[in-house]
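**Student:** Let me see the structure of the following:
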Amino acid sequence: MANEDIPYGRQWIEEEDIQAVMAVLRSDRITQGPTVELFEQALAKQLGVGGAVAVSSGTAALHVACLAAGVGPGWEVITSPISFVASANCALYCGARPAFVDIEPATSTMDPNRLEDYLRTTGAKGGPGRVVIPVHFAGHPCRLDEIAAVARRFHALVIEDAAHALGAFWHGSDGVWRPVGDGSHSIAATFSFHPVKHITTGEGGGIVSHDKALLSKAGRLRNHGITRDRDRMKEDHGPWYYEMQELGFNYRITDLQCALGLRQLARLDEWVTRRRTIAQRYTEAFRSLPEVTIPAEREWGRSSWHLYVIQLDPDRVSRRDLIARLRQQGVQAQVHYIPIHLQPYYRRLGFKPGMYPLAEAYYQKALSLPIYPKMTDEQVERVIQAVKLSLGAAVPA
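**Tutor:** Below is the predicted model of the structure:
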């Protein structure tokens, strides 16, 4: 155990999780069955929203949420450059135009002031509609109330990318604490249940909303655009009959996955508490290191710490050298993320280095350290000692 590599993230699977999946395997329905609906109900209850639609991945959730909101050709989808590529790719899947707004350094999330500047400057160039997709980054909420207020002024919709932030909370100027994804300031929020996230279904994702029409359409789109609802169908040939009313996808999630998800969701609060304990220990250990800037938790946010991202002083230490030294000691540090606009595909769309300087500056310094609830105290201390030892031996860039 002492010599085992420590990844940046890892799932926690117990025997009870396995037994829950086995029970579904022994049942009559292993997909499109009742366990999917039970998981959706539990997720909606956890967040206090009207409903949820579970899908095959977080990427599918973003795609379906955009389509269900009406996004299509000519639309503009505005997101953060510091995220996984799916946050922008969902625009392209819909035939829309992706755009970016730079981050605020304190949280590495979309800056609402820069969003307002962008919307005011571009004016009617947004086409028939606009969607803002702010990303709650690394578990810390974005300034959602300010972003939503800006979006309303410019007649833009808001869909939250909350893949990093299940179990996080925030409050706006009213002082009311809300779970990320509660739908108070957006038409929908999307989540990921990948193994490195707060809970896992293996692969999987979810859309949550108070909008019944959006949820209904999302449910059809995940299943080829098909409905069996007699009240929606144009004809009725009999009990076997169904209609494909729009072009959908096979983005279904299985009952096997949702059985695991139900078990995992029951431990969310416990696991977020453990993540917060690890983050606090890291902060205590690294606060005085001159080479390191520790991530901040703002007074209006309660992070669920999907990632613990330190930023390195490039004049003092080489990130490449530091990562190599950490990996030699079994600590699998990572970088989250390469700014989306710097990816070769997005450069072909006209995005260039220098367009979002704060995101690019962040990327040059960022380093994600291991954080997941199954980490033992001994593993946390191993990471701390490895960082300190490696910083002492690392050479400047």
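
**Student:** Is residue 303 in contact with residue 140, as I believe?
**Tutor:** Yes. Residue 303 is within contact range of residue 140, at 4.2 Å (criterion: CB atoms under 8 Å). Any C-beta I mention is one placed from the backbone N, CA and C, and that applies to glycine too.

**Student:** which residues do these two both contact?
**Tutor:** The contact sets of residue 303 and residue 140 overlap at 165, 168, 297 (CB atoms under 8 Å, 6 or more residues apart in numbering).

**Student:** Spatially nearest residue to the residue minimising distance to the centre of the chain (excluding sequence neighbours)?
**Tutor:** The residue lying closest to the centre of the chain (CA atoms, centre = their mean) is residue 163, at 1.7 Å. Closest residue to residue 163 apart from its sequence neighbours, by CB to CB, 6 or more residues apart in numbering: residue 192 at 3.8 Å.

**Student:** which regions of the stretch 101-250 of the chain sit below the pLDDT cut-off?
**Tutor:** 124-126 (pLDDT under 70).

**Student:** Would you map the helices across it?
**Tutor:** Using DSSP state H, counting those that start in this stretch, the helices of the stretch 101-250 of the chain run over 112-122, 144-153, 212-221.

**Student:** which ones are touching residue 353?
**Tutor:** 342, 360.

**Student:** repeat for residue 186
**Tutor:** Contacts of residue 186 by CB under 8 Å, 6+ apart are 144, 148, 158, 159, 160.

**Student:** And for it, nearest residue in space, chain neighbours not counted?
**Tutor:** residue 158 is the one closest to residue 186 (CB to CB, 6+ apart), at 4.2 Å.

**Student:** which one's the longest helix in this structure?
**Tutor:** Using DSSP state H, we find that the single longest helix of the chain is helix 268-286.

**Student:** Report the buried residues of that helix.
**Tutor:** Neighbour counts over helix 268-286 (16 or more other CB atoms under 10 Å) mark 268, 271, 272, 274, 275, 276, 278, 279, 281, 282, 285, 286 as buried.

**Student:** who's in contact with whichever helix or strand comes after it?
**Tutor:** Next along the chain after helix 268-286, taking DSSP states H and E as the criterion, comes strand 292-293. Under the criterion CB under 8 Å, 6+ apart, residues 286, 310, 311, 312, 313, 365, 391 lie in contact with strand 292-293.

**Student:** make it 6 Å
**Tutor:** Strand 292-293 is contacted from outside by 286, 310, 311, using CB atoms under 6 Å, 6 or more residues apart in numbering.

**Student:** which residues touch the closest residue to residue 283 other than its chain neighbours?
**Tutor:** Sequence neighbours aside, residue 294 is the residue nearest to residue 283 in space, at 5.3 Å (criterion: CB to CB, 6+ apart). By CB under 6 Å, 6+ apart, the residues touching residue 294 are 283, 286, 287, 310.

**Student:** Just the local confidence number for the second one, please.
**Tutor:** With respect to pLDDT, residue 286 scores 97.

**Student:** show me where the stretch 151-300 of the chain has strands.
**Tutor:** Secondary structure of the stretch 151-300 of the chain, counting by DSSP state E, counting those that start in this stretch: strands at 157-161, 169-170, 178-179, 188-192, 205-209, 226-227, 243-244, 292-293.
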